[in-house]
Each structure stands twice: as C-alpha cells, then as structure tokens.
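# when you get a sec, could you give me coordinates for this:
(one chain, ligands or ions: 2)
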Amino acid sequence: MGLLSLGTPLDWHELKKHNEHVRDNGIEQLINIFRQHSARLKDHFYWGDEVEYMLVDIDSSRKTARLAIDKDLILDDLNDPAKPEISGKAISNNVSFHPEYGRYMIEATPLRPYDGNSLEDYVYVEENMIKRREVSQSELPTNIVPLTLTTYPRMGCGDFTSPKAKPIGPASQSLFLPDEIINRHVRFPTLTANIRKRRGHKVAINLPIYPDTNTKLIDDSIPKRDLFPSDEEPFIGASQPGHVYMDSMGFGMGSSCLQITVQPSDIHQARYLYDTLAPLTPILMAVSAAAPIFKGFLVNQDVRWNVISGAVDDRTFLERDIKPYKGADFFGGLDVTHEVKDHFELLGGGPGVNGDRIINEYGDTTIKTLDGKPVQKVPKSRYESIDTYLGDQGYHDEPYFDKSYNDIYSPINKKVYDKLTSTKLFDPLLAHHFAHLFIRDPLVIFSERVNQDNTLENDHFENLQSTNWQTLRFKPPALYPEGEQLSEKPGWRVEFRPLEIQLTDFENAAYSVFITLVSKAILKFNPDFYTPISKVDKNMKTAHGVDASTDSKFWFRNPARWRLNNEDFKGYDLTWFDRFVNDGNDLFDDNGVYLNGYVEVNNDVVENGTDVSDACNDVKLSALELIDGLDSFPGLIKLVVKLIATELIPSNWQNKSHHCKSRQFARELELLRNYLKLISFRASGKIPTIARFLRDFVLRHPDYKQDSKVSDRINYDLVQASVAITNLDFKHHNDLLEEYFGEEIAGFLSARSAAGIA
Ligand code: GLU
Ligand code: MG
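Ligands and ions are numbered 1, 2, ... in the order given. Predicted structure coming up:
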C-alpha cells in the first residue's frame, strides 16, 4: 500500500512543520517527471495484479480460526537474498511478496509484469497466483493458511488473533484492535497514529446492522474503558445507534483487495483509459462484492469500500464541515493562530456557516494553518472515488470529454495549481488532478528523507500520491539519471483499485484478466463512456448495497452515445468460443465472425430492461446489461471477445485455418471463456456474489440466532468453507463448490482438476 522507507518517522506534531516542504518539493519532482517522460511514446502494453492475503491460524481440535500475527517474518525471508533457499523460490516462480498494513497480511504480485499483447500471458496469470500461495504456504506451518478473504469476519471481537493480544495500544487507541495487528514496520503504526492526531480524534466508522428477526439494533460490543481520553468518543457522538461502530485504521486497511495496473503506450492513452474506466469502477466493485460481515456482525451492505474510506479519514471537523463532539476542536491537529480561532468563533463558525463550498473564505480573511496552507472544506476522505476526469484531448482529435462531466466540488491546492499551469507541461485538467491530491498533508515523513535530490528522487511526490487511495490511480513514471533507456522503465500507468479480493485464484485471475482485456478493448474500440462524476459517485453509494450486483441499476452513458457500432460486435458473445473451436463453421459474415450455429438471442425485451432509445445522455443500466449488452448495444464482454478474436489470437489461426486446431489452444480459450462467464453469471445472479454466499452461509448456520451476529463457531466454519473453496476441493466439498460457482463453472473446474491441468 505504498512506499516503504527506512528511518525515523516523525510524530505528527514534528511532521507538520515539514508539510509545505514536502508538497513544494513533491511538486518539483512531479514537474521533473513530466519534463523527463511526457513526450514518451509507444511503450509496450504491460500489466500486473496485486493480491492481498490474510494468514489465518486454524485449530481444528478447538474449532477456532484466528488471524496469525506472528508469522510476518516469512516476508523478510522471502525477500532476503542472503537466504537464497527461500527467496530463490519466489524468484524462480516469478512471484514477489510485499508487506501490507496488517501484520497478518501479505501481498503478492508477479515478479515481472505480464505481456498484455500475448494470449499466453492471460492464460498464465492463474498459474502465477497459484504459485504465490504455494510458495508462501511452504514457509508456513500447515495450520496457518493464506486466505483471500476481503474482511476477517470477527476482526475486533475478543480473542481474534493468534497469539492473543489486548486492545490497549497507543498507536490506534482502539477499543477493539490491538496494535499488534499492525505491521511492525514503523511506517504503519505511525500512519495510524498520525491520522488520529491530525484529525484530532479517532476515526469512526458506522455501518448499518443487517436487521434480522432477533436483531437488537445496537452495537453491544463497545467497552467502557478509561485508558485514553479518546475512550469516551463512542459515548459522545462517535457511535451511531443501529450501527456497528469501528474506531481504527485496521478495520479498513486490514481488508484485502485485488488491484490491476496496466501500462498503455503513452500519457494520452493513459488519460483516456483512466477516464473510461472511471464509470466502471462502482459497477465492477458491486460484481466483486465480498464483505457482508464486520466485527462479528452481518451488516446491511456488501463491500469494504466505505469502511476503508472512514478508516483513513484524517480530516478535521472543520474540513468535514460537521459539528464536533462536545469539547472537541474544529481544527483537530492543525496549527492555527488564536486570532483565526477567535475570528472563526466570532462568526458563529460551524457547519456550513460559510456556504457549502469553501470554508476558508469569509469576508476578507482566510483561515490558514501556521505554515500558510488554507483550511478548506474537503468533501471526501483520502480513500475515495476519483474527483475529476483527466480529459482525452491529446488522444482523440475531437475530444469526447466535456467540462460539464467534472461536476462535483473538488477543492484544490491553489498554489500547486498555479505552479503546475505556469510550466506549460500541465493543462488545467491535469493540473487540477494533482492540485487536488496535494490538498492533503503528508502522513509519514522520515527525518532522514526530508532533503532530497528533486532531479533523481520522487519520494516527496509519492508520499502524497500513494496516500491518496482512490478508485483509480494515475501513475506517472519515476525519475531516472540522464542517458537511461526510458522505454525499458515503467511508463504512464493506470491502476484499477475498487475490486474486492476473491477466494480462489481462478476468480482473481478472471477479474484481473477481465479488467485488463476491457482496458485493451477500450484502447482498440474507443468507446465514449463519459458519465458526469456526480453520477459515478451516486453509483458508488448504490454499489455498497446488499445484492447491488443483481438488484440495482447504475447511471451510465446512454449506449446509443458510446460511439460504437452495434453491428461490428455481432456474433462476439460467449458463444463465439464454441464456434471458433468447433470444426465445420465456415460461414463468415463481413466481420469474419463465424456465424454457423449462431442464434441471435433477442434480449432487448428483458424484464425491467433498460430503454436505451431515450435521447438523454445518461441512462440507468444494470451490471448485467453493461457486461452482456442488449441487442441494441454490445456489452463489455463483446468488446473483449472481439479483441481476443481479432487481436490476441495468433494470426495463423485467424487467417489461414479459421479454426482452432490445437487442443492446448482450445483449452486456453475455454479458460478465458470461463473467466468471462464468471463475471457475467455474478452480474446475472445465476451464481451468488461472494457477499451473498457468505451472508447465506451465516443465515442458515445452525449456530446462528437470527440476531445478525457471527459467532466464533460460525466464523470457524466459514473459514473452513473458505479453505475448501480456495483449494477447489471437489472431492470432499462438491456441493459447496457447486453452490459457489454454479454447476456450469464448477463442472469446468472439477474436470480441469481431474485432468490435472491446474
Ligand atoms: N487493502 C486496501 C484495499 O482493500 C488497499 C491497500 C493498497 O492500496 O494496497 O483497498
Ligand atoms: Mg496492497
């Protein structure tokens, strides 16, 4: 989750003296990056994924499952060149391990990026993911298992760690989470403490409890304690009735997700791709939903997103523009003069008092911190959906982007904006993007790293960049010494961040491959998906809901205005694979699509189907309509299938024989088809999302008392079921796996394991 530097981290009260220094130099570094890389063209299409795991200690004699917080040393070993017998396993398997926020977490990625132009690499992803589990498991006792659960169901409930630890830590001051769950690297406890100190009080996350027949709509797990002054916060306003209350960074950053980064050919492609993926973020998050349980409660939502958002929310009461708890300070841990404070009080300073836009301007006075930065109203946490589009003017001769799409209030750092636009390297949209990221303060500074060479180092830039955790990240390259071959170094990239982690490597490979192929298809077919950001934000809220994947509709650009010709995609649905691999289909239409045996399904009149003839810019689509398309417009799957058929299939298949003549190749295509099926079936409700599956698992568990609580025993059984699913253990758990994957995909997977292919 960001950059690790070694050294002595500064406490917030020391750190804040350097805030402006970090921002000023970070911007110099960014400008130098643009000087070095903005003219760069024709980078290779590489991509990669990041998977986050939780190490779970399973005791089958006691029937308990706990988060293992004493096995993090494997990360050092797996990265230690002095222990080649261990680190060599990672290298020879092309995998790489990284620390994450939780001491019980590990993150793993491919060591080398995948080649996005090669079909083999899409098929290889899952194998690489399997190796990551195998290599990490080989360094762990057999009772400790790396699981890809999005959230740990009983996080923060009594003894949920192994070994036991007490929630009495000074870094988080949490009533529920011991500091021992936090990664030992100083960066992480410092982040935790500095978020609290800047904010002036602990973070507070409140999730609606799922109402069942015996549910008392109250979080009865909040202890009365007298250890830190913050202990009283839940009783003076931090905890809301009817909600599960969580008070610490670990509840969010201790969750796991799946991230995908792609590298298009240049900065212009990257900007258009970033913009075009943005409206997809909430919808695909809903289709990946895997988090219905928090702190031992079933909650009335399905995803982790707003929990992390709250868990790293370092904004003061004033920035959030809400009333402080009794006795708490509007300004949190920010330094402002007494005059400013008095003046603020005098004006009856308080929520919304200065209009709904900017708090920092009243009359002719400005509220500034002592280091000269204006105090602003800041509508979003650092972990949130993106604020603005970057624009596609350098990519399309006649840009699709219109400034009316950037329609939410998005505060900026004016000084940064002015500086960037004065260089001529940044147009207003790009300058706004970075000036928005730079409204934040650094959260961790190492004393040894305060002074840097801005022509060669980019830590100050990355300090702010990597603590703005948004649904997408626009990633500039790093700085290199003159004479370096830049085309061999990472270029302009876009990271897709909203997805929840899935239990199996099959699913994680499916979502990763899907996002990358959609990205590539976007760059090939150039759809116009621009939807006003305010509507994308509405979708983000919608996407949190229970079963949003199947039951909700999302704002999206009217498919009639996608600038795609529906006819061009005819025949490229999931049935294309059958027609391609089977002999005898030699009838082509103008597009070279095999049409033998192709029956057009008339699905324009689906129940509650969307009328896309409407003349307006934006309509509401279900996730399934977007993914599968309707008769009048192609969905994402058709874009992807056409991309596979026309670009990724080796040309001798395409042009000479028209058919797939090798069994191996047929198997590879079958795998890709199943990846696409999984996503489509989740959106159609044919198979459950993980959130739905887990919720049902709890609701029908014999130990469940219809009170929305997930007991220690239910937690254990749920972890055991997760292990069976992760291992695709058809031999012992066929029914479970059929429920999880549905018959069709389960059939594919069990046949595949029987054949010993994966
Ligand atoms: N674990 C975080 C999440 O679930 C992401 C941390 C990161 O950016 O690596 O979104
Ligand atoms: Mg991570």
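
# does stretch 250-270 come close to ligand 2?
No: using CB under 5 Å from the ion, stretch 250-270 stays clear of ligand 2, coming no nearer than 6.6 Å. Every residue, glycine included, has its C-beta placed from N, CA and C.

# is ligand 1 contacted by that stretch?
Yes: for stretch 250-270, a contact with ligand 1 is found by CB under 6 Å from any ligand atom, at 253, 255-257.

# pull the distance from that stretch to the chain's centre.
Counting by CA atoms, centre = their mean, to the nearest Å, stretch 250-270 is centred 6 Å from the centre of its parent chain.

# that one - what's its average pLDDT?
For stretch 250-270, mean pLDDT rounds to 98.

# what's the first-to-last distance across stretch 320-330?
For stretch 320-330, the separation between the terminal residues is 9 Å (CA to CA, to the nearest Å).

# how about the closest residue to ligand 1 within the stretch 501-650 of the chain, phi and psi?
Nearest residue of the stretch 501-650 of the chain to ligand 1, counting by CB to the nearest ligand atom: Ile501, 7.5 Å away. Per-residue torsions, Ile501: phi -70, psi 150 (degrees, to the nearest 10).

# use 830 as the first number from now on
Sure, I'll start counting at 830 from here, so that last one is Ile1330.

# by residue count, what's the longest strand in this protein?
Secondary structure of the chain per DSSP state E: the longest strand is strand 875-888.

# only the buried residues of it, if you could.
875-887 (16 or more other CB atoms under 10 Å).

# dump those to a markdown table, plus pLDDT and distance to ligand 2.
Formatted as a markdown table, the buried residues of strand 875-888 follow (pLDDT from 0 to 100; distance: CB to the ion, whole Å):
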| residue | pLDDT | distance to ligand 2 |
| --- | --- | --- |
| Tyr875 | 98 | 19 |
| Trp876 | 98 | 16 |
| Gly877 | 98 | 12 |
| Asp878 | 98 | 11 |
| Glu879 | 98 | 5 |
| Val880 | 98 | 9 |
| Glu881 | 98 | 5 |
| Tyr882 | 98 | 10 |
| Met883 | 98 | 12 |
| Leu884 | 98 | 15 |
| Val885 | 98 | 18 |
| Asp886 | 98 | 22 |
| Ile887 | 98 | 24 |
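
# hang on, the earlier thing: closest one of the residues of stretch 1079-1099 next to ligand 1 to ligand 2?
Cys1086 (7.1 Å; CB to the ion).

# what is the burial count for that closest one?
When neighbours are counted by other CB atoms under 10 Å, Cys1086 registers 24.

# and for the closest residue to it other than its chain neighbours, the neighbour number?
Leaving aside its sequence neighbours, Cys1086 sits nearest to Ile1330 (CB to CB, 6 or more residues apart in numbering; 5.4 Å). Neighbour count for Ile1330, taken as other CB under 10 Å: 27.

# now do Phe1335
Neighbour number of Phe1335 under other CB under 10 Å is 24.

# again, but for the one 10 residues further on
In terms of burial, Thr1345 registers 25 neighbours under the definition other CB under 10 Å.

# also Asn1129?
Number of residues near Asn1129 (other CB under 10 Å) recorded here: 18.

# mind checking the backbone torsions on it?
phi -90, psi 40.

# I'd say Val1347 and Val1470 touch.
No: assessed by CB atoms under 8 Å, Val1347 is found out of contact with Val1470, at 11.3 Å.

# just for the chain, where's the confidence low?
Scanning the chain for pLDDT under 70 picks out the ranges 830-834, 1175-1195, 1412-1443, 1480-1490, 1586-1587.

# buried ones in the strand or helix carrying Val1091?
Val1091 belongs to strand 1087-1092 when elements are defined using DSSP states H and E. Neighbour-count burial for strand 1087-1092, counted by 16+ other CB under 10 Å, picks out 1087-1092.

# parallel or antiparallel, list what pairs with it.
strand 875-888 (antiparallel), strand 1322-1325 (antiparallel) (DSSP bridges).

# nearest to Ser1316, of those strands?
Closest to Ser1316 of the strands paired with strand 1087-1092, according to CB to CB: strand 875-888, at 11.4 Å.

# sorry, back to before: with just CA atoms, put the longest strand of the chain into CSV.
Extracted C-alpha coordinates of strand 875-888, given in CSV (Å, rounded to 0.1, in the frame of the first residue of the first chain):
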residue,chain,number,x,y,z
TYR,A,875,2.4,-4.5,-19.8
TRP,A,876,0.2,-5.2,-16.9
GLY,A,877,0.2,-6.7,-13.4
ASP,A,878,-2.0,-7.6,-10.5
GLU,A,879,-1.7,-7.4,-6.7
VAL,A,880,-3.4,-9.9,-4.4
GLU,A,881,-3.7,-9.3,-0.6
TYR,A,882,-3.8,-12.3,1.7
MET,A,883,-4.6,-12.9,5.4
LEU,A,884,-2.8,-15.5,7.3
VAL,A,885,-5.3,-17.5,9.3
ASP,A,886,-4.4,-19.9,12.1
ILE,A,887,-6.9,-22.8,12.1
ASP,A,888,-7.2,-25.0,15.1
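
# I'd like to know which elements the following helix or strand past it is packed against.
Using DSSP H and E, the next helix or strand after strand 875-888 towards the C-terminus is strand 893-897. Packed against strand 893-897 by the contact rule (3 or more CB pairs under 8 Å, 6 or more residues apart in numbering; DSSP states H and E) you find strand 875-888, strand 990-991, helix 1541-1555.

# dump these to JSON lines, plus distance to ligand 1.
Listed next are the helices and strands packed on strand 893-897 as JSON lines, based on distance: least, CB to the nearest ligand atom, whole Å:
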{"stretch": "strand 875-888", "distance to ligand 1": "5"}
{"stretch": "strand 990-991", "distance to ligand 1": "18"}
{"stretch": "helix 1541-1555", "distance to ligand 1": "17"}
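
# distance to Asn1503 for these - can I get that in TSV?
Below are the helices and strands packed on strand 893-897 laid out as TSV (distance: least, CB to CB, whole Å):
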stretch	distance to Asn1503
strand 875-888	18
strand 990-991	36
helix 1541-1555	16
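
# so which of those gets nearest Ala1067?
Using CB to CB, the helices and strands packed on strand 893-897 put strand 990-991 closest to Ala1067, at 23.8 Å.

# could you check whether the helix or strand just after the closest one is close to ligand 1?
Counting by DSSP H and E, the next helix or strand C-terminal to strand 990-991 is helix 1016-1028. No: using CB under 6 Å from any ligand atom, helix 1016-1028 stays clear of ligand 1, coming no nearer than 11.6 Å.

# please compute how far helix 1016-1028 lies from its chain's middle.
21 Å.

# got a list of what Lys1456 touches?
Quick fix: residue 1456 is Ile, not Lys. Listed by CB atoms under 8 Å, 6 or more residues apart in numbering, the contact partners of Ile1456 are 1116, 1464-1466, 1508-1509, 1512.

# off-centre distance for whichever helix or strand it is part of?
Following DSSP H and E, one finds Ile1456 within helix 1452-1457. Remark: helix 1452-1457 is offset 20 Å from the chain centroid, using CA atoms, centre = their mean.

# list the contacts of the residue of the stretch 880-1029 of the chain found nearest ligand 2.
Nearest to ligand 2, among the residues of the stretch 880-1029 of the chain, is Glu936, at 4.7 Å (CB to the ion). Residues near Glu936 by CB under 8 Å, 6+ apart: 830, 879-882, 926-929.
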